[in-house]
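Colleague: sequence? don't have it. structure:
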Ligand code: ACO
């Protein structure tokens, strides 16, 4: 396919079987260029083949801008660095979902709406009895979020804005409670009810770490770090889990079912599960004597399935701006609390070694959002299995914003096609003759 080259190309031409067809070129507000092939199949009978969607824009979106070459990330136009420095997580959630930063009044009212929904229905607690004590909290999170749909059958209509609004508030309010209960279950402690006088992040730490037997006050530095981590995870345009939420939602499945599917997609170690996998890897390196070079060599060996977890990204071919913010936060927190974590030292050495190595340089593989986040969570006393759960709490506003945008745009059911490469028509052979 050749494009009509000009400062702003308007059409792309495709020649197939001697026939020339023109396709409009779409230019985004930041100058990104896409070829709109919506009419391709109708006019040629052919489809495109783009395995793993490396070149495919699945939608137009006005939520998050990401420039992987320059290492830029903005939510609704605001740089991530600015939001991370100045905002509370719920303010950023509001920005993603409603498109604008809230006024003081809107922020208060949003916080109040969330506070109203932090408790779980008492019957939901019995689900936790059915999970094995060592169940992975991501499995619990996905199941319990899916089960919310059975408790709120009054909020299933995806075209009713009031029902979507209350589901939005319920999800943002209840996800930390569901998550903290899964941790309490794993250690055999009683569930701690939310305390609505506390702000969002304090309340989560309260449900995680307080017990009926004693007083608990969250360390303000931990609250600040958690707020920052939730913000930098809050959206990342059409990543695997967000695309899953949009895909499921496109069949008009309710918001709870769509988010539950997104949690499943996030769990994988190539996506959000990399934060847990990264800490496991760093622990392994420390236990193995800290021989960083051995692991860098293993990651380069094509016969070995081992990869440096927390390294590389489909879109970023430069530093992941989130990793830069998180590393600075990690540095500050560990220094202030006089924590000497061998994992942080190994992580830094691993980063330096990999970034000097031609294999990583040529492939433009840099630390991603998951590389240092686990070190902060460890310093806060959060167990490793909960790391991806925290990613999910952070990503939730992004999922909701995309789900709503998809419906507002009147999207059709998402349904890719395929190039069939299986057997052609053949005759059936009865069992006794096979
Ligand atoms: N360690 C070693 N080699 C790597 C790594 C890594 N972490 N990441 C990519 N590569 C290599 C690949 O082997 C491939 O090499 P080749 O060209 O010789 O075949 C090349 O770099 C390109 O990698 P792909 O897998 O084709 O890139 P893709 O865009 O499909 O995958 C991904 C991106 C999944 C993030 C990948 O870099 C990876 O597996 N990283 C480790 C897991 C991880 O940290 N995931 C979190 C991502 S951020 C997030 O989702 C929140």
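Modeller: Sure, I can see it. What you are looking at is a predicted structure, and each value in this text was computed from that prediction instead of being measured.
Colleague: From here on, just use CA atoms for contacts and neighbour counts.
Modeller: OK.
Colleague: And the helix or strand containing residue 150, what does it pack against?
Modeller: Residue 150 is part of helix 137-151, with elements assigned from DSSP states H and E. Applying 3 or more C-alpha pairs under 8 Å, 6 or more residues apart in numbering; DSSP states H and E, we find helix 137-151 packed against helix 161-187, helix 255-267, helix 387-408.
Colleague: Output those in CSV; the columns should cover mean pLDDT and distance to the ligand.
Modeller: As requested, these are exported to CSV (pLDDT from 0 to 100; distance: least, C-alpha to the nearest ligand atom, whole Å):
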stretch, mean pLDDT, distance to the ligand
helix 161-187, 97, 19
helix 255-267, 98, 8
helix 387-408, 98, 8
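Colleague: Columns mean neighbour count on top of those helices, output as TSV?
Modeller: Formatted as TSV, the helices and strands packed on helix 137-151 follow (neighbours: other C-alpha atoms under 10 Å):
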stretch	mean neighbour count
helix 161-187	21
helix 255-267	25
helix 387-408	24
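Colleague: and the stretch 201-350 of the chain, which of its residues are near the ligand?
Modeller: Proximity of the stretch 201-350 of the chain to the ligand, by C-alpha under 6 Å from any ligand atom, involves residues 270-272, 274, 299-300, 307-314.
Colleague: where does this protein have low pLDDT?
Modeller: Along the chain, the parts satisfying pLDDT under 70 run over 1-8.
Colleague: change it to 80
Modeller: Where the chain drops to pLDDT under 80, the residues are 1-9.
Colleague: hey, where'd the strands end up in it?
Modeller: Remark: strands assigned in the chain by DSSP state E are 2-3, 11-16, 19-27, 33-35, 64-67, 72-75, 78-79.
Colleague: most packed of those strands?
Modeller: Across these, averaging neighbours per residue (mean count of other C-alpha atoms under 10 Å) puts strand 72-75 on top, at a mean of 21.
Colleague: Now tell me what touches it from outside.
Modeller: Contact with strand 72-75 is made by 63-67, 79-80, 95-96, 235, 320-321, as judged by C-alpha atoms under 8 Å, 6 or more residues apart in numbering.
Colleague: do stretch 53-70 as well
Modeller: Contacts to stretch 53-70, defined as C-alpha under 8 Å, 6+ apart, come from residues 34, 50, 72-77, 96, 99, 235-238, 315-318, 320, 401-402, 405.
Colleague: is it possible to export the strands of the chain to JSON lines including distance to the ligand?
Modeller: What follows is the strands of the chain, written out as JSON lines (distance: least, C-alpha to the nearest ligand atom, whole Å):
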{"stretch": "strand 2-3", "distance to the ligand": "25"}
{"stretch": "strand 11-16", "distance to the ligand": "26"}
{"stretch": "strand 19-27", "distance to the ligand": "24"}
{"stretch": "strand 33-35", "distance to the ligand": "19"}
{"stretch": "strand 64-67", "distance to the ligand": "13"}
{"stretch": "strand 72-75", "distance to the ligand": "13"}
{"stretch": "strand 78-79", "distance to the ligand": "18"}
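Colleague: Columns distance to residue 349 on top of these, output as JSON lines?
Modeller: JSON lines is the format used below for those (distance: least, C-alpha to C-alpha, whole Å):
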{"stretch": "strand 2-3", "distance to residue 349": "45"}
{"stretch": "strand 11-16", "distance to residue 349": "47"}
{"stretch": "strand 19-27", "distance to residue 349": "42"}
{"stretch": "strand 33-35", "distance to residue 349": "39"}
{"stretch": "strand 64-67", "distance to residue 349": "27"}
{"stretch": "strand 72-75", "distance to residue 349": "25"}
{"stretch": "strand 78-79", "distance to residue 349": "29"}
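Colleague: Since that was my last question, I'll sign off now.
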